[in-house]
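K.L.:
Structure, please.
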Amino acid sequence: MGITITGGVKVPQGKFSVTTSSAATDPNFSDVALLLHMDGSDGGSTFTDNSSFNHTVTANGSSNTSTDQVKFGTASLETNVGVSRS
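P.N.:
Residues are numbered from 1 along each chain as shown. Predicted coordinates:
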């Protein structure tokens, strides 16, 4: 259940960082392994990887985009289950 990321993504726990820079201005953009903006319509299940790796991200269970609470962009991730990486 949750989000499944395919393509061998391995991110050590506690090593997440958030950036508001775009690829055009961020000199470290090539190091970004996965970039999900979670933009979309309410109830959507398309999660586009905006990193240069273009990973396939698949919604499992009840994971979807929600427009109920949004801080940046058009939507946010809504899930009541864990996230799995493979």
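K.L.:
quick one, what contacts the residue lying closest to residue 72 once chain neighbours are set aside?
P.N.:
Of all residues not flanking residue 72 in the chain, residue 37 sits nearest, at 7.7 Å (CB to CB, 6 or more residues apart in numbering). From N, CA and C alone the C-beta is placed, and that goes for glycine too. By CB atoms under 8 Å, 6 or more residues apart in numbering, residue 37 lies in contact with 48, 50, 72-73.
K.L.:
Confirm that residue 58 sits in a strand.
P.N.:
Yes: per DSSP: H, G, I helix; E, B strand; the rest coil, residue 58 lies within a strand segment.
K.L.:
Now do it against residue 47, distance only.
P.N.:
Counting by CB to CB, to the nearest Å, the separation of residue 58 from residue 47 is 8 Å.
K.L.:
Repeat that for residue 76.
P.N.:
Separation of residue 76 from residue 47 (CB to CB): 11 Å.
K.L.:
Identify the contacts common to the two.
P.N.:
Shared contacts of residue 76 and residue 47 (CB under 8 Å, 6+ apart): 38, 65.
K.L.:
Please tell me the pLDDT value assigned to the residue nearest to residue 72.
P.N.:
Listed pLDDT for residue 37 reads 89.
K.L.:
Next up, the contacts around the nearest residue to residue 42 once chain neighbours are set aside.
P.N.:
Once flanking residues are discounted, residue 42 sits nearest to residue 67: 4.3 Å by CB to CB, 6+ apart. Going by CB under 8 Å, 6+ apart, residue 67 touches 41-42, 74-76.
K.L.:
with the residues you listed in mind, which one is nearest to residue 25?
P.N.:
residue 74 (21.9 Å; CB to CB).
K.L.:
any idea of the pLDDT on that closest one?
P.N.:
Here, the pLDDT recorded for residue 74 equals 91.
K.L.:
Would you check that it makes contact with residue 42?
P.N.:
No: here residue 74 lies out of contact with residue 42, judged by CB atoms under 8 Å, at a distance of 9.4 Å.
K.L.:
Residue 36: what's it in contact with?
P.N.:
Neighbouring residues of residue 36 by CB under 8 Å, 6+ apart: 47-50, 57, 77.
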